[in-house]
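Colleague: predicted model follows, preceded by the sequence.
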Amino acid sequence: MIQLLENFGSGACACVMDSYDYAKALSDILPSLASIKLKKGGFLVLRPDSGDQVEAVLMGLRYSSSYFKKSKKKHFLSPFFHCGTAH
(Lines give C-alpha, C1' and ligand atoms only; values in the text may rest on other atoms or scores of the structure.)
Protein backbone atom coordinates (compact mmCIF):
# COMPACT_ATOMS: atom_id res chain seq x y z
CA MET A 1 0.00 0.00 0.00
CA ILE A 2 2.87 2.37 0.74
CA GLN A 3 4.30 1.84 -2.76
CA LEU A 4 0.84 2.38 -4.28
CA LEU A 5 0.45 5.69 -2.43
CA GLU A 6 3.95 6.83 -3.30
CA ASN A 7 3.36 6.17 -7.01
CA PHE A 8 -0.33 7.03 -7.42
CA GLY A 9 -1.31 8.74 -4.16
CA SER A 10 -2.23 12.13 -5.55
CA GLY A 11 -5.69 10.90 -6.58
CA ALA A 12 -8.30 8.74 -4.92
CA CYS A 13 -7.05 5.42 -3.51
CA ALA A 14 -8.84 2.63 -1.66
CA CYS A 15 -7.25 0.36 0.92
CA VAL A 16 -9.05 -2.90 1.68
CA MET A 17 -8.33 -3.55 5.34
CA ASP A 18 -9.33 -7.19 5.61
CA SER A 19 -7.39 -8.26 8.64
CA TYR A 20 -7.78 -10.56 11.59
CA ASP A 21 -7.05 -7.46 13.71
CA TYR A 22 -8.68 -4.47 12.06
CA ALA A 23 -8.09 -2.21 15.08
CA LYS A 24 -4.36 -2.99 15.06
CA ALA A 25 -4.17 -2.27 11.33
CA LEU A 26 -5.82 1.08 11.97
CA SER A 27 -3.57 1.94 14.90
CA ASP A 28 -0.28 0.60 13.50
CA ILE A 29 -0.50 0.90 9.70
CA LEU A 30 -2.83 3.85 9.12
CA PRO A 31 -0.44 6.47 10.59
CA SER A 32 2.25 5.69 8.00
CA LEU A 33 -0.35 5.65 5.21
CA ALA A 34 -1.77 8.96 6.44
CA SER A 35 1.60 10.71 6.41
CA ILE A 36 2.19 9.67 2.79
CA LYS A 37 -1.35 10.52 1.72
CA LEU A 38 -1.24 13.96 3.33
CA LYS A 39 1.96 14.75 1.41
CA LYS A 40 0.48 13.51 -1.89
CA GLY A 41 -3.02 14.95 -1.54
CA GLY A 42 -6.07 13.21 -2.92
CA PHE A 43 -8.47 11.03 -0.94
CA LEU A 44 -7.97 7.69 0.84
CA VAL A 45 -10.91 5.32 1.26
CA LEU A 46 -10.58 2.71 4.01
CA ARG A 47 -12.56 -0.43 3.15
CA PRO A 48 -13.01 -2.92 5.99
CA ASP A 49 -14.16 -6.29 4.64
CA SER A 50 -15.00 -8.16 7.82
CA GLY A 51 -16.81 -7.70 11.10
CA ASP A 52 -19.90 -5.70 11.94
CA GLN A 53 -20.40 -3.21 9.09
CA VAL A 54 -21.53 -0.28 11.22
CA GLU A 55 -18.86 -0.76 13.88
CA ALA A 56 -16.11 -1.22 11.26
CA VAL A 57 -17.01 2.04 9.51
CA LEU A 58 -17.28 3.95 12.78
CA MET A 59 -13.97 2.52 14.00
CA GLY A 60 -12.30 3.57 10.75
CA LEU A 61 -13.65 7.09 11.11
CA ARG A 62 -12.53 7.29 14.75
CA TYR A 63 -8.98 6.25 13.92
CA SER A 64 -8.76 8.36 10.76
CA SER A 65 -9.81 11.44 12.72
CA SER A 66 -6.59 11.05 14.72
CA TYR A 67 -4.36 11.10 11.63
CA PHE A 68 -6.17 13.33 9.13
CA LYS A 69 -7.15 16.97 9.56
CA LYS A 70 -10.80 17.87 9.75
CA SER A 71 -12.18 19.64 6.73
CA LYS A 72 -13.77 23.05 7.10
CA LYS A 73 -15.94 22.24 4.08
CA LYS A 74 -18.88 19.87 4.36
CA HIS A 75 -18.08 16.79 2.32
CA PHE A 76 -20.54 14.02 1.55
CA LEU A 77 -17.94 11.25 1.98
CA SER A 78 -16.37 12.14 5.29
CA PRO A 79 -16.04 14.91 7.86
CA PHE A 80 -12.28 14.37 7.55
CA PHE A 81 -10.10 15.84 4.87
CA HIS A 82 -8.27 13.28 2.68
CA CYS A 83 -9.87 10.16 4.22
CA GLY A 84 -13.18 8.29 4.45
CA THR A 85 -14.48 4.82 5.24
CA ALA A 86 -16.84 2.64 3.20
CA HIS A 87 -18.03 -0.92 3.72
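Modeller: The structure has been received and is ready for your questions.
Colleague: quick one: the helices in this protein?
Modeller: Counting by DSSP state H, the chain has these helices, from start to end: 2-8, 22-24, 30-40, 53-67.
Colleague: now the first one, how far from the chain's geometric center?
Modeller: It stands for helix 2-8. Once both centres are worked out by C-alpha atoms, centre = their mean, to the nearest Å, helix 2-8 turns out to sit 14 Å from its chain's centre.
Colleague: same thing with the longest one?
Modeller: The chain centroid and the centroid of helix 53-67 are separated by 8 Å, computed with C-alpha atoms, centre = their mean.
Colleague: for the shortest one, same thing?
Modeller: Using C-alpha atoms, centre = their mean, we find the averaged C-alpha position of helix 22-24 to lie 12 Å away from the chain's own average C-alpha position.
Colleague: what residues does that helix touch?
Modeller: Applying C-beta atoms under 8 Å, 6 or more residues apart in numbering, the set of residues contacting helix 22-24 from outside is 48, 50-51, 56, 59, 63. (Glycine included, C-beta is placed from N, CA and C.)
Colleague: in ChimeraX, how would I select the buried members of those?
Modeller: Those of those that meet the burial criterion (16 or more other C-beta atoms under 10 Å) are gathered into one ChimeraX selection, given here:
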select :48,56,59,63
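Colleague: report the two of the contacts of helix 22-24 separated the most.
Modeller: Between all members of the contacts of helix 22-24, the longest pairwise span (C-beta to C-beta) is found for Ser50 and Tyr63 and amounts to 15.9 Å.
Colleague: quick one: low-confidence parts of this structure?
Modeller: Filtered on pLDDT under 70, the chain yields the residue ranges 19, 69-81.
Colleague: ok so, going back, got CSV for the contacts of helix 22-24, with distance to Asp28 too?
Modeller: Below are the contacts of helix 22-24 laid out as CSV (distance: C-beta to C-beta, whole Å):
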residue, distance to Asp28
Pro48, 15
Ser50, 17
Gly51, 17
Ala56, 17
Met59, 14
Tyr63, 10
